[in-house]
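> predicted model and sequence below, questions to follow.
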Amino acid sequence: MNRRCSWVDQSKPDYIEYHDKEWGKPVLNDKSLFEFLTLESAQAGLSWYTILKKREGYRQAFHNFDVQKVSQMTEQDIERLLTFDGIIRNRAKIAATINNARHFIEIQQAFGSFARYQWGFVDYQPIVNKMRDKQDAVATSEISDKFAKDLKKRGFKFLGSTTVYAHMQACGMVNDHADDCFCKQAIIDSYVSLDFSKIE
């Protein structure tokens, strides 16, 4: 049986699938990065599993994470989504998603892509952390502090350093899989195929 990170609830197949197939794998695609940012910002104050269970609802609510369409959503859309139980019905978080989409596009225009902007914070090289036990786990880092501060300066909301660090973990900027987790080395081995020159 494969060993996994201790935070994975082995009784939840969807949680296992997320851990095994997504968490910590480098993401260079802007659409996926916008999805991760949206879900992480929605998580603020809640458990990740709560958001994971509503992931399909978020896809329905926010145009399958098409950032252009989300950026054009209006106050009427916010009112409509406040009655939709497929997502967390929090006005400030819904408004933040629309707000963040608009600033996401501004970054795309300034840097060529959000991926190029985001990965620049780690010099286009995933950080592999030693994770021997729970004491090695952290909630923030100097890089997430800097990343979150820059996002705030650019107008983003619900993306403080803790949320940004969770985003960095999810999309592979940092590899925080436990050292004895079967995913750890597999992800490290995948780094040889990373080609940041293809980011558009």
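Received the coordinates, thanks.
> and the helix ranked longest in the chain, which residues are buried?
If you go by DSSP state H, the chain has its longest helix at helix 91-111. Of all the residues in helix 91-111, those buried under the rule 16 or more other C-beta atoms under 10 Å are 93-105, 107-108. Just so you know, the C-beta spots here come from the backbone N, C-alpha and C atoms, and that holds for glycine as well.
> so what's Thr140 up against?
With C-beta atoms under 8 Å, 6 or more residues apart in numbering as the criterion, the residues that contact Thr140 are Ser161, Thr162, Tyr165.
> what separation is there between it and Arg132?
Thr140 sits 20 Å away from Arg132, taking C-beta to C-beta, to the nearest Å as the criterion.
> and if you look at Ala148?
In this view, Ala148 and Arg132 are 27 Å apart by C-beta to C-beta.
> just the buried residues of helix 91-111 now: which is nearest Glu56?
In terms of C-beta to C-beta, no member of those lies closer to Glu56 than Thr97, at 15.8 Å.
> state the helix or strand in which the spatially closest residue to that closest one that is not a sequence neighbour lies.
Among residues not flanking Thr97 along the chain, Thr38 sits closest, at 5.3 Å (C-beta to C-beta, 6 or more residues apart in numbering). Using DSSP states H and E, Thr38 sits within helix 30-43.
> next one: that helix to chain centre, how far?
5 Å (C-alpha atoms, centre = their mean, to the nearest Å).
> ok, then the element right after that helix?
Next along the chain after helix 30-43, taking DSSP H and E as the criterion, comes helix 48-53.
> quick one, strands of the chain?
Listed from the start of the chain, the chain has strands (DSSP state E) covering 127-128, 174-175.
> Ile143 reaches Met168, doesn't it?
Yes: under the criterion of C-beta atoms under 8 Å, Ile143 lies in contact with Met168, with a separation of 7.3 Å.
> so the two - more neighbours on which side?
Each of Ile143 and Met168 had its neighbours counted (other C-beta atoms under 10 Å), and the higher figure belongs to Met168 (26 against 18).
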